[in-house]
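A.B. asks: heads up, no residue letters with this:
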């Protein structure tokens, strides 16, 4: 995950005065240092959000209230969601973008070095606001990560802190996206046309456009909540001519593209890894690009499938149902492409490949439950139950997070110059895969049986599956310590990695020595 | 594999035995795995639709992963597999775009029919309004037999069970003091709204879930085909006691329903207060304690101390001890931007009683400690 770059005398030959010690990080302008900061930040957030999740599962281990009162319980579920979405998953992908995009397009660094620094350093204050809000009077916001009005209008000062934090994170995301788009469009090596770009770069280009399109929408929604709270407006208060459901429309106009912001770069990582370990080129490169673009475009016209129970008119329900079902087509194209890439390859199963195959397996389960949920008349039963919780954890944890792990194992030799410990990596994979399923598979049953989500306590009939899920969650949490150990060990030392690292890895990053030099490509390579 | 892992884990646990409860009548079964078939046609359709989709999904899943796992086994380097060099095939790519598209069209057709049916709330025999409050439900019979009946429905599970001081019952957290009662075989239109934040009226056995949106009314419907008691929950996060405002519906035969409606109306008449009566402090205090216990205690607590940082204390509160007009105003209108909702749905007698109670309870000694119902009547105008 991190790389302490050794600056050998060899390439310190020209006058580069880059800071050392804490200044190296505080004033970092190098894409690798900033990428490292992003990745460590997101790991810290992953652990924080994970601890909140474990507290939730502790309370839900048995029926009855044992450790956490409902007020705090709602704060925990809310902050778990906010921290994981905005603190862990999104910054981790930005970390990958920072590290990998210049390496993969043959650039020396990102386009805007100082803006890059700023977009990272906006994040720790936002994280402090989020975590700190637990300690103010009334505690953190307890309105759910979606911050639905008018519940969010009722909250204490913790809500204002969350609004401020999300504003800051949004600004950071927008700056990061501008940087990524500019880098990709202007700094590609000669000969690298758009349709020759690695898929990871493609998926991030599209993701960056999604971010720029929807983050301001979220900022608008929460600003309206803020003015409803303090400045006497009534955007979401019917008594003043507003409409609480309008909040949901605005939020999900952001929220659904956000789902793809968190999964498209994951598709990109998987599309790099599967060909490498199958020793065979990706089956359909251009159809993968078109599928990614289709998913991004469709993501703007499906938002109200999160709102089937608000009481939309028949035509509204039908439109959003059809549009949502359509997303299955380009997503299916991706799955088929990966399988066709493996077909008649010559596969080996190092940890990145294990995570990639695991990703396809569990992500497909999440995709299929997604189709079931897209059917509006059925969603009426399943909406806001544990079925939905199971569904989005299958696509976000087993999807995005597993892809992130796959990416770390895949590229960490390039980042650190050392091979990671394959045994530890394999342990991490199997422990994560098994405990993940123990945690989240039973939640499908709970949801079908009618257990609503965000419940601090539940009827006795749900007790066994909740207990199983809690045990699984503890195991899943502990499994991530293996990951930490593996990464730390890799940073400290280990077998030296070659430039190529893997047998058949394609792409410019593998033409550089491991670890990659401080300024990735000082003279741009030529792509044929 | 996921399910195999799960099965192995489940076998290792003392399933069911640890709690020794049976299935909940009208609610979830112990370790229920699927949707229930329900007691309305809509719920039955949903049950069928889910099973159908599940089978389609499993078939697709098995087909795709049979190919993948065969490949994982057969095309390994350790078995000496040599990589092929094929890529891109327009025919294959068109096929795997068109086939899923056709499957989806096949699913959309029955789904469309169901959406249209679910949204058809016309020609109801009975119209009932459900109002979500933090944290209970209110029901008002608007049209049809029993029109005029109204009551509140709150969780009846004792606090000791929730706090693990008493054994939990089979209907733990899904039982209420006053259940909604409807006749069997009749089309019931539910008009759903809320008083404070968004709630959702969810009844799995009827295949119904409708968000309750403050300031707006939305409707849904059901026609229960079997007598019995059915249980559901609030499904939209609504604050602290979101998990503690269940829904119970009793479906009775036409005759039993008529008898219930008559009895309920008589009971309401007997309970109705004489508006001209001048109340004594003691009477108001006694009544106020009851009103407080069912409306205020969730936030302001039985001790009147509230919850620090979240819900203000009434003990020693300036507002409670101060001018009557201010307290009357906040009870009638709520306080914007806080959890304090309007309580104008309560009667003047109930509001006067609870105001009087707070002015005299927990060592509070307000100067003008008696609020009369007529003060609220006047303030409402």
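C.D. replies: The structure has been received and is ready for your questions. Since the structure is predicted, the reported quantities are computational estimates derived from the model, not experimental observations. Residues are numbered from 1 along each chain as shown, chains lettered A, B, ... in the order given.
A.B. asks: all the strands of the stretch 201-350 of chain B, in order from the start?
C.D. replies: Per DSSP state E, counting those that start in this stretch, the stretch 201-350 of chain B carries strands over the ranges B:208-212, B:218-222, B:228-234, B:247-252.
A.B. asks: can you lay out those as CSV showing mean neighbour count?
C.D. replies: C-betas here are computed from N, CA, C, even on glycine. As requested, these are arranged in CSV below (neighbours: other CB atoms under 10 Å in any protein chain shown):
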stretch, mean neighbour count
strand B:208-212, 27
strand B:218-222, 22
strand B:228-234, 23
strand B:247-252, 23
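A.B. asks: between those, which one is nearest to chain A?
C.D. replies: Among these, strand B:218-222 comes nearest to chain A, with 3.2 Å by CB to the nearest CB.
A.B. asks: by contact count, what packs against the closest one?
C.D. replies: Under the contact definition 3 or more CB pairs under 8 Å, 6 or more residues apart in numbering or on different chains; DSSP states H and E, strand B:218-222 sits against strand B:188-194, strand B:208-212.
A.B. asks: want to throw the ones you listed into CSV with distance to chain A and mean pLDDT?
C.D. replies: Converted to CSV, the helices and strands packed on strand B:218-222 look like this (distance: least, CB to the nearest CB, whole Å; pLDDT from 0 to 100):
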stretch, distance to chain A, mean pLDDT
strand B:188-194, 8, 96
strand B:208-212, 5, 96
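A.B. asks: can you put those strands in TSV and add distance to residue B:94?
C.D. replies: Formatted as TSV, those follow (distance: least, CB to CB, whole Å):
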stretch	distance to residue B:94
strand B:188-194	46
strand B:208-212	39
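A.B. asks: and those strands: which comes nearest residue A:482?
C.D. replies: Of all the helices and strands packed on strand B:218-222, strand B:208-212 sits nearest to residue A:482, with 40.9 Å by CB to CB.
A.B. asks: pull the distance from the closest one to the chain's centre.
C.D. replies: Average the C-alpha atoms of strand B:208-212, do the same for its chain, and the two points are 8 Å apart (CA atoms, centre = their mean, to the nearest Å).
A.B. asks: tell me the confidence at the residue in the stretch 151-300 of chain B that chain A sits nearest to?
C.D. replies: Residue nearest to chain A within the stretch 151-300 of chain B (CB to the nearest CB): residue B:215, separated by 2.1 Å. In this model, residue B:215 is scored at 93, pLDDT.
A.B. asks: kindly report the same for the one 4 residues further on.
C.D. replies: Here the pLDDT value assigned to residue B:219 is 95.
A.B. asks: kindly report the same for residue A:17.
C.D. replies: Note for residue A:17: predicted pLDDT of 64.
A.B. asks: please apply the same query to residue B:344.
C.D. replies: We note a pLDDT of 82 for residue B:344 in this prediction.
A.B. asks: my guess is it contacts residue B:379. True?
C.D. replies: No. With contact defined as CB atoms under 8 Å, residue B:344 does not reach residue B:379; the gap is 9.9 Å.
A.B. asks: who touches both of the two?
C.D. replies: Taking CB atoms under 8 Å, 6 or more residues apart in numbering or on different chains as the criterion, residue B:344 and residue B:379 both touch residue B:332.
A.B. asks: what helix or strand does residue A:257 sit in?
C.D. replies: Counting by DSSP states H and E, the element that carries residue A:257 is helix A:244-261.
A.B. asks: so for that helix, mean pLDDT?
C.D. replies: For helix A:244-261, the mean pLDDT works out to 96.
A.B. asks: report the buried residues of it.
C.D. replies: Across helix A:244-261, burial judged by 16 or more other CB atoms under 10 Å in any protein chain shown covers A:244-245, A:247-248, A:250-261.
A.B. asks: again with stretch B:64-71
C.D. replies: When burial is assessed from 16+ other CB under 10 Å, stretch B:64-71 yields the following buried residues: B:64, B:65, B:68, B:71.
A.B. asks: these two touch, right, the last one and residue A:340?
C.D. replies: Translated: residue B:71. No. Residue B:71 is not in contact with residue A:340 according to CB under 8 Å; the separation is 9.2 Å.
A.B. asks: mind listing the helices for the stretch 51-200 of chain A?
C.D. replies: A:70-82, A:90-105, A:113-121, A:123-132, A:151-154, A:157-186, A:199-230 (DSSP state H, counting those that start in this stretch).
A.B. asks: for the stretch 251-381 of chain B, what are the low-confidence residue spans?
C.D. replies: Counting by pLDDT under 70, the stretch 251-381 of chain B has low-confidence residues at B:275-276.
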